[in-house]
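Asks: Below: sequence and its predicted model.
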Number of protein chains: 2
Amino acid sequence: MLTDDQGFGDLSCFGSPSIHSPNLDRMAAAGIKMTNFYAFPSCSPSRAAFLTGCYPPRVGIPDVVAPPGPAWTRDKQYGLHPDETTLAEILKAAGYATGMVGKWHLGHFAETMPTRQGFDHFFGLPYSNDMQPERGYPDLALLKNTDTLEINPDQSQLTSRYTAAALDFIREQQDTSFFLYLAHSMPHTPIYASANFQGKSKQGLYADVVQEIDASVGAILAELTTLGLEENTLVIFTSDNGPWLIYGNHAGSAGPFREGKGTTWEGGMRVPMIARWPAKIPAGSISRMPASLIDLLPTLAQATAAPLPERKIDGRNLLAHLSNPAHPASAPPETPFCYYRSGNLDAVRLGKWKLHVPHQYRYVETVGDDGEGGQYAYTMTGLELYDLAGDPGERYNVAASYPEKTAELEGLINRLQQEMDQDRRLPFYGPGQPPGARRDNTGQ
Amino acid sequence: MLTDDQGFGDLSCFGSPSIHSPNLDRMAAAGIKMTNFYAFPSCSPSRAAFLTGCYPPRVGIPDVVAPPGPAWTRDKQYGLHPDETTLAEILKAAGYATGMVGKWHLGHFAETMPTRQGFDHFFGLPYSNDMQPERGYPDLALLKNTDTLEINPDQSQLTSRYTAAALDFIREQQDTSFFLYLAHSMPHTPIYASANFQGKSKQGLYADVVQEIDASVGAILAELTTLGLEENTLVIFTSDNGPWLIYGNHAGSAGPFREGKGTTWEGGMRVPMIARWPAKIPAGSISRMPASLIDLLPTLAQATAAPLPERKIDGRNLLAHLSNPAHPASAPPETPFCYYRSGNLDAVRLGKWKLHVPHQYRYVETVGDDGEGGQYAYTMTGLELYDLAGDPGERYNVAASYPEKTAELEGLINRLQQEMDQDRRLPFYGPGQPPGARRDNTGQ
């Protein structure tokens, strides 16, 4: 279960002072909460990372994908190449029924749709819910497999319709092994809750929307229990990036972290992550080990005895760690984590240390649905080193105090970027199209 | 149990990505977590509020108390007037044994010490642990009742010695009703952990220090269980203000909130609060109702059938709410919450709305134990209105969008400040001293 633009701080069990999330709180208490878990700064790269086990530029998804619309989309009509091996494909090869419900956002060509990437069933939207006619995009199609069911559907019904489709899939597949990827469109702006949830939280529309997602989680977990599948089903809940702060009261909270979506500050990429698997994961666990969406493919491959893709992947198998998170030896060998944004390696984390090399970033201030203000582009002028254990908010650049660590990580980041540049796929612009020159991206 | 300068975000159950607090997490799961709970911006005012049930200026503690030392302390040698009725005094009148362990910080005259304010037993420091000779203060005395046990004690032993003293008190009083006020000196800078905890968290010294406090909580809860007192003992854990951000990696995190200690932004005053009372409070509760340290005296008076003080108090009785937090009718009538700083009413909260009137505040950036930078004084130039439900981080000033709400709260804040000015006690500078003229405060 993947939500869209939900921040680290947007669940009660991750410290929200406002949002009521009893189902996810119970799920965390019955499983593991990972507090150093990373997505990537925007939608498509995170989804590519999840489905391929690779850093987004390695599989040709350096940045967000978009249908033809406003000016910034002119070089963004690419998708995940059909040759890439997805998590759905390897699980299907291992005998799993595969279904996807919700937002895809990995290409809108026939060759790049979910049903061509290993999913037997698909119900949902091809991309973000804000890519609609009133914002200069084509009609937004709600699809069943490759058929258009509706255009420009009532978005207040998306969460409940996705939930119903997910429950249908689970019931239909209850006698076989199954893999369900439920990618909620909410709480990505424009946010909507159904009538039952509007005003329910008394904490504003954003909290209403998250509360409806929480209720969806509760319904799915209850169905697993009813079907006798609770004990041996792994359920994972996370988000695709941090909160989209320019939307003010319609955006979430990055909790203690700096900035939000679209940046390589922790607020852009650190997301809530909960996993429950009663047969395997000790209840009430908390893990502070750095991990990421790229680790899910190798972990699920191990858990299901599915074959790994033949290509090089970047993720690590977390299964031993999830099974025994309190034991230090259960952690996989420490590897650097790469903060890719628009194909560029802005920063690297090794253990508790994070080094940023100079890059542009945006800073959001006093804006939003009710407020006013703007977002500003900053360019970092030097190396910045942060101790993420003692300073998770990236407030204190300690590069001058730790010159050796800074130099070590600067060498590492240069090597990693070079290696990636030698083994990255160009974006796939559709059959018969030459790969376009990569341009800077300013939109999301 | 009151900690010093611990931020809202400094426990795992309040969203810390780094700090391991299993005992407090379990305590919250067995009781209630309050996520809209307020202290005041600095040490002495919060302690006065807790012990009297009044806003700090009402009882003559507008600001931090200090022994004679650096220049800023010259008008800060005051204390809580002996005539004020404290929580310890009313509980003693109701038959409770009363003990205090830890940091007092409500006056260092003979007339203002804990043993003159209702505590039968005292073991601890008269004020903050940074008020020591190397910073221009007198010798720091570790006291037992009014006797000096040691001067300038080894601060790495404070948490463990306080814990031992608390356990001794509980064991000694196990056959009677008792009230123990344990006020940790940590994690107020300079921070220290004992040898068993140094390096234990692997998240830096600050996390080590909080982990030692968490272990102290665990030891106390275990002792209550051993003595058969678990079921009917109310245990409360909270902090006296937000993190002291200028100390960088030696400061905590305000979680999703703006700024920290010394300010009336939420980061300065919103603190973690956990209460456990198995006989009365439903396990696993979360309350989002605004509440504050001033509410504890009337709540505990009700719980123990103790007599209320004869003076006007500001707090409300929360007992019905704690007993049935899920029921809206259990909440006391809604009243404004007043954000007093240095005796001035900077802001008021009513429901989800918070209005700031123009005031000075400090803003901290890129500083700390390892970093460099500074803190800056800002002066707010106009009214600022925030929706704390949808925007807990006070990012979006919506005064222009809600002129009627702004005007209503501006009228309210003016009325509340006038009422306070007509019924506030001047600071008590010790027997025979004329009350000093109040001056602006710049220190903590």
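Replies: That came through fine. Numbering: from 1, shown residues only, chains lettered A, B, ... in the order given.
Asks: Quick one: the strands in the stretch 1-150 of chain A, in order.
Replies: With DSSP state E, counting those that start in this stretch as the criterion, the stretch 1-150 of chain A has strands at A:2-3, A:32-34, A:37-38, A:97-103, A:121-125, A:141-144, A:147-151.
Asks: Can you pull the phi/psi pair for residue A:105?
Replies: The phi and psi values for residue A:105, taken as degrees, to the nearest 10, are phi 70, psi 30.
Asks: what about the closest residue to it other than its chain neighbours, how many residues close to it?
Replies: Spatial nearest neighbour of residue A:105, chain neighbours left out: residue A:127 (4.6 Å); criterion: CB to CB, 6 or more residues apart in numbering or on different chains. For every residue, glycine as well, the C-beta is placed using N, CA and C. Number of residues near residue A:127 (other CB atoms under 10 Å in any protein chain shown) recorded here: 24.
Asks: quick one, what contacts residue A:127?
Replies: Residue A:127 makes contact with A:65, A:66, A:67, A:103, A:104, A:105, A:108, according to CB atoms under 8 Å, 6 or more residues apart in numbering or on different chains.
Asks: closest to chain B among these?
Replies: residue A:103 (23.8 Å; CB to the nearest CB).
Asks: right, and that closest one touches residue A:123 too?
Replies: No: the criterion here is CB atoms under 8 Å, and residue A:103 misses it with residue A:123 at 11.0 Å.
Asks: more crowded one of those two?
Replies: More crowded of residue A:103 and residue A:123, by other CB under 10 Å: residue A:103, with 26 against 21.
Asks: Contact partners for that one?
Replies: Neighbouring residues of residue A:103 by CB under 8 Å, 6+ apart: A:4, A:43, A:124, A:125, A:127, A:128, A:129, A:183, A:184, A:185, A:188.
Asks: would you list those residues in JSON lines and tack on pLDDT?
Replies: Formatted as JSON lines, those follow (pLDDT from 0 to 100):
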{"residue": "A:4", "pLDDT": "98"}
{"residue": "A:43", "pLDDT": "97"}
{"residue": "A:124", "pLDDT": "98"}
{"residue": "A:125", "pLDDT": "98"}
{"residue": "A:127", "pLDDT": "97"}
{"residue": "A:128", "pLDDT": "97"}
{"residue": "A:129", "pLDDT": "97"}
{"residue": "A:183", "pLDDT": "98"}
{"residue": "A:184", "pLDDT": "98"}
{"residue": "A:185", "pLDDT": "98"}
{"residue": "A:188", "pLDDT": "97"}
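Asks: Is there a quick PyMOL command that grabs whichever of the residues you listed are buried?
Replies: Buried residues within these, by 16 or more other CB atoms under 10 Å in any protein chain shown, are selected in PyMOL with:
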select buried, chain A and resi 4+43+124+125+127+128+129+183+184+185+188
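Asks: so which of the contacts of residue A:103 comes closest to chain B?
Replies: Once CB to the nearest CB is applied, the member of the contacts of residue A:103 that ends up nearest chain B is residue A:188, at 16.6 Å.
Asks: helix/strand/coil for that closest one?
Replies: coil (DSSP: H, G, I helix; E, B strand; the rest coil).
Asks: The residue of chain A found nearest chain B: how many residues sit nearby?
Replies: Nearest residue of chain A to chain B, counting by CB to the nearest CB: residue A:15, 1.7 Å away. Close neighbours of residue A:15, defined as other CB under 10 Å, add up to 29.
Asks: Equivalent analysis for residue A:351, please.
Replies: Neighbours around residue A:351, by other CB under 10 Å: 14.
Asks: For it, which non-adjacent residue is closest in space?
Replies: residue A:334 (6.3 Å).
Asks: and the one you found, which of the three is it?
Replies: coil.
Asks: how much space between it and residue B:339?
Replies: 45 Å (CB to CB, to the nearest Å).
Asks: Which one of those two is surrounded by more residues?
Replies: Taking other CB under 10 Å, residue A:334 and residue B:339 do not tie; residue B:339 has more neighbours (26 against 11).
Asks: got a list of what the more buried one touches?
Replies: Residue B:339 sits next to B:38, B:41, B:264, B:269, B:345, B:346, B:347, B:348, B:349, B:354 when contact means CB under 8 Å, 6+ apart.
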